[in-house]
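**Student:** When you get a sec, could you give me coordinates for this:
(one chain, ligands or ions: 1)
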Amino acid sequence: MTQTWDVVIVGGGLAGYVAANYLMNTNLSILILEKGKSIGGRARTNKMNGQYFNLGPHALYKKGKARHILEYLGIHLNGKSPKLGGILMEKNVEYTAPFSPLELFTTGLLHSKERLEWIAILLKISRINPEKLANQTFQQWINQVTQSKTIELLLYTLGRLATYCHAPEKISASVAVSHIKDAMGGVLYLDGGWQTIIDQLHNKAIVSGVHVQSHTLVKQIECNHTEDPFKLALSNGEEIFGKYVICTTGPHELIHMLGETASLPNRDFLAQITPVKGATLDVALTQLPNPKKLFAMGITDPLYYSVHSTYARLSDHSKNAVLHVFKYHHLDENADGPSVKNELEQFLDRLQPGWQQYVISRRFIPDITVSQRLPQIGDELKLQCSKTEIPRLYMAGDWTSPHSILAEGAISSGKQAAKEVILNEERQNYANYDGRVSAI
Ligand SMILES: Cc1cc2nc3c(=O)[nH]c(=O)nc-3n(C[C@H](O)[C@H](O)[C@H](O)COP(=O)(O)OP(=O)(O)OC[C@H]3O[C@@H](n4cnc5c(N)ncnc54)[C@H](O)[C@@H]3O)c2cc1C
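**Tutor:** Okay, the predicted model is just below:
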């Protein structure tokens, strides 16, 4: 049966659900189509043997826009902030990470002159307006602010932690520094994982009349650049119609769904967007061999380790530990699964020797998209207000926000796309009303 909806949202991840939650109190009929069997996209959490595994390490900026938007929507974010600091590793040598005031003065990584320089740089970051750095890469900015090789490495490490991007020569300084600023405000690890955000958004949407259809891939979005609704061809053979479409897939899927014939002036830009990727080893243990080691990063090797369950309830058994080991892939990297797995396991061996004997569950994903866009200089000029240049087709998702990526980008763009739909409706209602008044 042919169905017509006011708004069809393609994708049931954070961006799609935030858009739906902003739209649900309008009179518009809303349908979310999700190709996966379950909802949540990359914010989903899998329960394995009583342990809650996010898809790799997930931390929400405490002072970011995403938290603010979620709280505005009535989403409860229960969890705790990990303590600042931990270990930085250079090959086999361990240093105290100079991320908190005490550690700044005790770390052997920096000599006394560098300590003062590092404090000055952290202060500079906290005061800087990142938008002023729009014309340079993160590497160019770092070369301007320090001559010290160690501080340069520290800034790369902090950049990876805050953005997941391991390409300082490519990533725009403006986005990198803006995310570092957010990260310096602390993060939250969530009880029950990020699925709790999705489930709350989903329940609110359903109660308000939003329809959600999972296991349904949108194959094609047909638009004829007129006032006619979009026609969407689905994997189950159905065709549905939508006055507005909010697409939250990646940029390449969007191009594919629109096909060659759609006039899309931004097509070349969308086609060259590259994702930020990494490898994750998610592990649940009955106990930590070394309970003092809770956070570590490689300084020269792009590696991350953190025990999330110390701060968030991620297991049905309070004594179990849930941790994530992660490798940030470089853009040109061809992830070789077995050797990356070995690298991550060896990193964990050094931090938690003998961990293998305590394993309850583990999951290794060699090559996963963390964010759909590695933000580059000038992107913000092409990504304006979730618009696609096709009227009534809006894009949302972690790649579509001009100034942010990750969940920050996904959540702000979901809100923005919904706002555009509402504005368009208001404009149209006003025009209709004006027309009726003139006719009288
Ligand atoms: C390992 C890892 C660690 C991360 N850590 C953090 C972190 O610490 N902090 C942070 O802020 N962010 C983090 N992120 C990023 C964050 O999870 C994502 O940015 C966010 O979840 C993306 O939401 P989205 O809605 O834009 O995209 P998605 O979650 O990908 O949602 C898009 C949805 O669209 C569906 N879809 C695609 N094509 C179609 C189609 N044709 N038809 C129907 N449905 C379709 C997909 O199945 C998917 O469910 C991490 C991600 C990963 C993978």
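**Student:** next one: stretch 329-336 to chain centre, how far?
**Tutor:** 19 Å (CA atoms, centre = their mean, to the nearest Å).
**Student:** Alpha carbons of that stretch, as CSV, please.
**Tutor:** Only the C-alpha atoms of stretch 329-336 are listed here, as CSV (Å, rounded to 0.1, in the frame of the first residue of the first chain):
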residue,chain,number,x,y,z
HIS,A,329,43.6,4.6,12.0
HIS,A,330,45.4,7.0,9.7
LEU,A,331,43.6,8.0,6.5
ASP,A,332,45.8,6.0,4.2
GLU,A,333,45.9,3.0,6.5
ASN,A,334,44.9,-0.4,5.2
ALA,A,335,43.8,-2.0,8.4
ASP,A,336,45.2,-5.5,8.6
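**Student:** and that stretch, does that touch the ligand?
**Tutor:** No: judged by CB under 6 Å from any ligand atom, stretch 329-336 stays clear of the ligand, getting no closer than 10.9 Å. Backbone N, C-alpha and C define where each C-beta goes, glycine included.
**Student:** contact partners of that stretch?
**Tutor:** His166, Ala167, Lys170, Thr274, Lys277, Gly278, Ala279, Pro302, Pro366, Asp367, Leu374 (CB atoms under 8 Å, 6 or more residues apart in numbering).
**Student:** quick one, strands of the stretch 151-300 of the chain?
**Tutor:** 187-190, 211-213, 218-222, 230-234, 239-247, 276-285, 295-298 (DSSP state E, counting those that start in this stretch).
**Student:** Dump the ones you listed into CSV; add mean neighbour count and distance to Asn334 as well.
**Tutor:** Shown next, in CSV, are these (neighbours: other CB atoms under 10 Å; distance: least, CB to CB, whole Å):
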stretch, mean neighbour count, distance to Asn334
strand 187-190, 23, 31
strand 211-213, 17, 36
strand 218-222, 18, 30
strand 230-234, 19, 34
strand 239-247, 23, 29
strand 276-285, 24, 11
strand 295-298, 22, 20
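**Student:** Now do the same contact list for Ala312.
**Tutor:** Gly79, Lys80, Tyr189, Leu190, Asp191, Gly192, Gly193.
**Student:** Which phi and psi values does it adopt?
**Tutor:** Phi and psi for Ala312, reported as degrees, to the nearest 10, are phi -130, psi 150.
**Student:** nearest residue to it other than its sequence neighbours?
**Tutor:** Tyr189 (3.8 Å; CB to CB, 6 or more residues apart in numbering).
**Student:** roughly how far apart are the one you found and Pro302?
**Tutor:** Noted for Tyr189: a distance of 21 Å to Pro302, by CB to CB, to the nearest Å.
**Student:** What pLDDT does the model give the nearest residue in space to Gln287 that is not next to it in sequence?
**Tutor:** Spatial nearest neighbour of Gln287, chain neighbours left out: Tyr358 (5.5 Å); criterion: CB to CB, 6+ apart. With respect to pLDDT, Tyr358 scores 98.
**Student:** got a winner among the contacts of Ala312 for most neighbours?
**Tutor:** Gly193 (28 neighbours; other CB atoms under 10 Å).
**Student:** How much space separates that residue from Arg44?
**Tutor:** Gly193 is 8 Å from Arg44, by CB to CB.
**Student:** just Arg127 next, same as before
**Tutor:** 37 Å.
**Student:** Which strands and helices lie in contact with the helix or strand of the chain with the lowest mean pLDDT?
**Tutor:** Counting by mean pLDDT, DSSP states H and E, the chain has its least confident helix or strand at helix 101-106, which shows a mean of 84. Applying 3 or more CB pairs under 8 Å, 6 or more residues apart in numbering; DSSP states H and E, one finds that helix 101-106 makes contact with helix 112-127.
**Student:** Name the residues of the helix it packs on that come out as buried.
**Tutor:** Within helix 112-127, the residues that count as buried by 16 or more other CB atoms under 10 Å are Glu114, Arg115, Glu117, Trp118, Ile121, Leu122, Ile125.
**Student:** Equivalent analysis for stretch 53-68, please.
**Tutor:** In stretch 53-68, counting by 16+ other CB under 10 Å, buried: 53-61, 64-67.
**Student:** now the end-to-end length of that stretch.
**Tutor:** Across stretch 53-68, the terminal residues are separated by 24 Å (CA to CA, to the nearest Å).
**Student:** Pull the contacting residues for the closest residue to the ligand within the stretch 51-200 of the chain.
**Tutor:** Closest to the ligand within the stretch 51-200 of the chain is Gly56: 2.3 Å, counting by CB to the nearest ligand atom. Gly56 sits next to Gly278, Thr280, Asp282, His324, Phe326, Ile365, Ile368, Val370 when contact means CB under 8 Å, 6+ apart.
**Student:** now swap in Leu23 and tell me
**Tutor:** Applying CB under 8 Å, 6+ apart, the residues near Leu23 are Val7, Ile30, Val210, Ala418, Val421, Ile422.
**Student:** State the pair within those residues that is farthest apart.
**Tutor:** Val210 and Ile422 (15.0 Å; CB to CB).
**Student:** So these two - more neighbours on which side?
**Tutor:** Set side by side, Val210 and Ile422 show more neighbours around Val210, with 22 against 15, by other CB under 10 Å.
**Student:** what does the chain put close to the ligand?
**Tutor:** 10-16, 33-36, 41-43, 55-59, 217-218, 248-249, 253, 278, 280, 368, 370-371, 397-398, 406-408, 410.
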